[in-house]
Each structure stands twice: as structure tokens, then as C-alpha cells.
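Asks: next input, structure requested:
(one chain, ligands or ions: 1)
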Amino acid sequence: MALHPTALVKLLPLAVLIPGAYFGRGQISLLDDDLRIILDSLPYLLCLGVVLMSLQFQRGRLLLAAISVAVFYWVVQSYLQTSLNRNTDALRAYLALSFALPVMALYLLLLPERGIWNLQGLIAALGFILLGLACIELGPWILGINDAAISYTPNLNDVYMLSKSASILAGLTALVGVVLLCIRNEEIEAALLGAILPVYIALAFLHVEYISVSMCIAASLSLAWGLLRSSYSMAYRDELTGLPGRRALNERLKMLGKSYSIAMIDVDRFKRFNDTYGHEVGDEVLKLVASRVRSIKGGGTAYRYGGEEFCVVFPRKTVEATLEPIEKIRDGIASYNMSIRNRSKRPARMKEGSRLRGATRLGSDQVSITISAGVAARSPEHPDPDSVLSEADKMLYKAKRRGRNRVAYAS
Ligand SMILES: Nc1nc2c(ncn2[C@@H]2O[C@H](COP(=O)(O)OP(=O)(O)OP(=O)(O)O)[C@@H](O)[C@H]2O)c(=O)[nH]1
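Replies: Numbering: from 1, shown residues only. From the prediction side, this is the model:
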């Protein structure tokens, strides 16, 4: 199981959203009454927006999260705007929330995305609702019948109200969320964390003025942002390699200025590689090549063009300026020995393995691969991105004809 620590970057919007909500709350009292009424209903409106978008994009976990934020806000507004010291119903509601929140957050975090309008999605949603009801009913009762209640009772007279046990549970939930984000590397995981944390903050600092409205706005904005980001990824990112895909390339090509170069890159003898080592190992090769091409220098942006082809766009660069970075990538890939992890996928026919040129079999577990590239720049003969792209493609096939593992460029 691979970990992606860089996925933590997806939490950066939270670093703005949560402090922004906390400090922005101070301004709410300055608003006139009409605006404050609108602001009070903003969490509901935002959650409704997320619910509608989740239905549209089949995002079951975000749908449940948005409904939960709205219910949380409603409970806080309806039952907890009072002194918990004197109102046992309010204390019960607070205990129920502080017990239900981590349990339901963990359920949502661990749940794989199943969509909405299918049996698995509906069962997942039903499980979530039943779990929520059980927590709300059983939570205060369980906490009331044994010693756990004492360590779970909120610190009613402190600004930070969550008890030590509830804080530990909250910390564990957040930790699980961070680990899952690093494993799954998905926008949705960051969005869920981005909703759970503000809701916890609202619960922990319940006595702070306007905390619930500001934090529930932050939570629903995080869900909306995650939904937009994941829809963008779905449309514009290639799932296997994580590179921007063909659609993103087409958009980029429309925005190029008067001077640019385009490189087409293709894995050599990839069909034979697939036939010999299997599609799964072929996918690993594509990921490896993608990770190398992604790090290309010289201001180039890499895209997966399709199949085993990649495209790099160099705005404001001549062909000559692109050669060094492309050669570096080609050389780096050619001299890298890739380990084949899946032993069952080793070449069935040894002769076949050793005949490969594009993928040379080195030892029992290692292969090396090569790439070829063609580069062309905008010129009077090739005045638009499509013709530059097709010229780069011609150069690529020139590199193939000349023996592969090389770069050819339009002079
Ligand atoms: N594993 C894997 N294979 C893919 C993927 N997309 C395309 N391919 C394979 O890539 C191969 C492309 O082969 P060809 O276009 O014939 O070219 P080649 O074998 O690389 O030969 P040259 O380009 O002439 O060096 C085909 O076998 C496709 O099945 C993918 O996402 N994963």
C-alpha cells in the first residue's frame, strides 16, 4: 500500500478556511439584523447546494456529510443555545453530539465511495442513518451508566468544552482521516476532513459567540470545494498516472501565445512489453514514465495524451531550449532499472524477454525501458497548436524509425 504524503497539500485550503471562519465570526455582530438572519441560514443553503451537487455527481459520502453538517447546525441552534449547566436536555444533546460525531465521522472516512442510486450506495446511506440514530439514542445512556461518563462529561465552565476522552477520540478521528488521505490521495478525503474539523471546533468552543454558524459555513464550503475539485480531477486528470489528461491538454492548447514548443513522447515497444510482462506491469511502467515526465524542467507541463503517449507543452520556448530537459528525461528513463514486483507476471518465454529492445530484460527481477520523443515549435509553417502537435508527432515517428531511444526535432 503506497502512501502519498504530498496529498497533505490538499489540506491547504483548510489552513485559510478555518482561521478565516474563526476570526470572521467576530465581524458577525457588526452586521445589521437582516444580514444576520441571512447569515444564520447560510449553512443550510450551502449544505443544500452540496446535497444537490452530490446527487448530480453521485457522491454518496459528501451527500451524507452535508446532511450531517446541516443536522449538527440545527441541533446546536435548536437545543444548545442555552446554559448546559442548568438544562439537562441540552447536556444530553451535547453528549449525544460529542459521542455521535467521531463514530459517524469514522464511518464516513472509512466508507469506500459507492455512489448513491445503487444498492450498495443505499445500504451505506441506511447504515449511516441507523448508526447516527443509535449514537444519539444510546450515547448519553451508555455514558450515563458507567465511569466513562465521568471522563466524557464536558468542561462546562471552560472555553474549550470537550472532555479529555472526547478530545482523544476527536484526535484519533482526525488522524485516521489524515492517514486515509495519504493512502487514497483523493480530494474527497480532504473535503471530509475539512468538514469534520470545523464541526469539532464548533462543538469544542460552543460558548464562543457565532462559532457554530461560522464553522458550519467553513465545513460546507470545504465539502463544496472538495466536490468541485474531485469533479475537475475526474474530467481533467488521467486516473492511472495522475497527470492532466487529453481534455486538459486541449484546454491548454487554446491558451498558448505566439511562441511555444510541443514534445510528443512515446514508450518504445510497449505492446511487446505488455504482451511479455502483462498489462499490470505495463501500467507500472506508464506510472514510472509519467512521474519522470511530470518532473521535466524548462517550464514544460506534461499531459497523458493517450495510451503510452505523453505530451509536454513548453510555453515561450524554442525547440532548442527544450532539448536539454527532454534528453535528461530520456536518459534518466533509459538508465533506470525497474523492478518487477509481481513475480507471476515475469515473462513466460525467456527468449521473448531477452529479445526486447524497448524493454530490455536485465536480471530476474529487473527491466529497463526507453522512450522516444519528437519536438516541434510554432512557426510560419505550423501556425496553430494542432499543426505543431502533428509536426511533433511526425518527429516522434522519425525518432522511432531511426532506432528509438532518441529525440528528433523539427529544424
Ligand atoms: N498497460 C497498458 N497498456 C496500454 C495502455 N494504453 C495503451 N496500452 C498499450 O500500448 C500499446 C501500444 O502499442 P503500439 O502503439 O503498437 O506501439 P509500441 O508497441 O509502443 O511500439 P512503438 O511505438 O513502435 O515503439 C498497445 O499494446 C496498448 O494495448 C494502458 O493504459 N496500460
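Asks: close to the ligand: what parts of the stretch 101-250 of the chain are there?
Replies: Proximity of the stretch 101-250 of the chain to the ligand, by Cβ under 6 Å from any ligand atom, involves residues Leu240. The way it works is simple: take the backbone N, C-alpha and C, and place the C-beta from them, glycine included.
Asks: find the closest residue to the ligand in the stretch 101-250 of the chain.
Replies: Nearest to the ligand in the stretch 101-250 of the chain, going by Cβ to the nearest ligand atom, is Leu240, at a distance of 5.6 Å.
Asks: that residue looks like it's in a strand, true?
Replies: No. Under DSSP: H, G, I helix; E, B strand; the rest coil, Leu240 falls outside any strand and is assigned coil.
Asks: give me the number of residues near it?
Replies: Residues contacting Leu240 under the criterion other Cβ atoms under 10 Å number 13.
Asks: what does the one 5 residues further on give?
Replies: For Gly245, the tally of surrounding residues (other Cβ under 10 Å) stands at 20.
Asks: spatially nearest residue to it, not counting backbone neighbours?
Replies: Asp238 (4.0 Å; Cβ to Cβ, 6 or more residues apart in numbering).
Asks: got it, and Ala100?
Replies: Ala100 sits nearest to Cys135 (Cβ to Cβ, 6+ apart), 3.5 Å away.
Asks: next, that neighbour: secondary structure please.
Replies: Secondary structure for Cys135, judged by three-state DSSP, is helix.
Asks: let me know the pLDDT of it.
Replies: According to the prediction, Cys135 has pLDDT 85.
Asks: which residues touch it?
Replies: By Cβ atoms under 8 Å, 6 or more residues apart in numbering, Cys135 lies in contact with 96, 99-100, 103-104.
Asks: got it, and Glu391?
Replies: For Glu391, the contacting residues are 374, 376, 382, 410, taking Cβ under 8 Å, 6+ apart as the criterion.
Asks: and if we set it to 6 Å?
Replies: Glu391 is in contact with 376, 382, 410, counting by Cβ atoms under 6 Å, 6 or more residues apart in numbering.
Asks: the first one: neighbouring residues, count only.
Replies: Here the neighbour count serves as a burial measure; for Ala376 (other Cβ under 10 Å) it reads 28.
Asks: the second one too?
Replies: Applying other Cβ under 10 Å, we find 18 other residues in the vicinity of His382.
Asks: next up, the contacts around Val103.
Replies: Cys135.
Asks: at 8 Å what do you get?
Replies: Contacts of Val103 (Cβ under 8 Å, 6+ apart): 131, 135.
Asks: now do Gln77
Replies: Listed by Cβ under 8 Å, 6+ apart, the contact partners of Gln77 are 40, 212.
Asks: list the beta-bridge partners for Glu309.
Replies: Asp266, Gly306 (DSSP bridges).
Asks: now for it, how many residues are close by?
Replies: By the criterion of other Cβ under 10 Å, Glu309 has 17 neighbours.
Asks: and the pLDDT for it?
Replies: As predicted, Glu309 sits at a pLDDT of 97.
Asks: doesn't Ala263 make contact with it?
Replies: No. Glu309 is beyond contact range of Ala263, at 10.8 Å (criterion: Cβ atoms under 8 Å).
Asks: check for me that Glu251 belongs to a helix.
Replies: Yes. Counting by three-state DSSP, Glu251 is part of a helix.
Asks: need the nearest residue in space to it, chain neighbours excluded.
Replies: Tyr236 (7.7 Å).
Asks: what's the neighbour count on that neighbour?
Replies: 16.
Asks: phi and psi next, for it.
Replies: Dihedral pair for Tyr236: phi -110, psi -10, per degrees, to the nearest 10.
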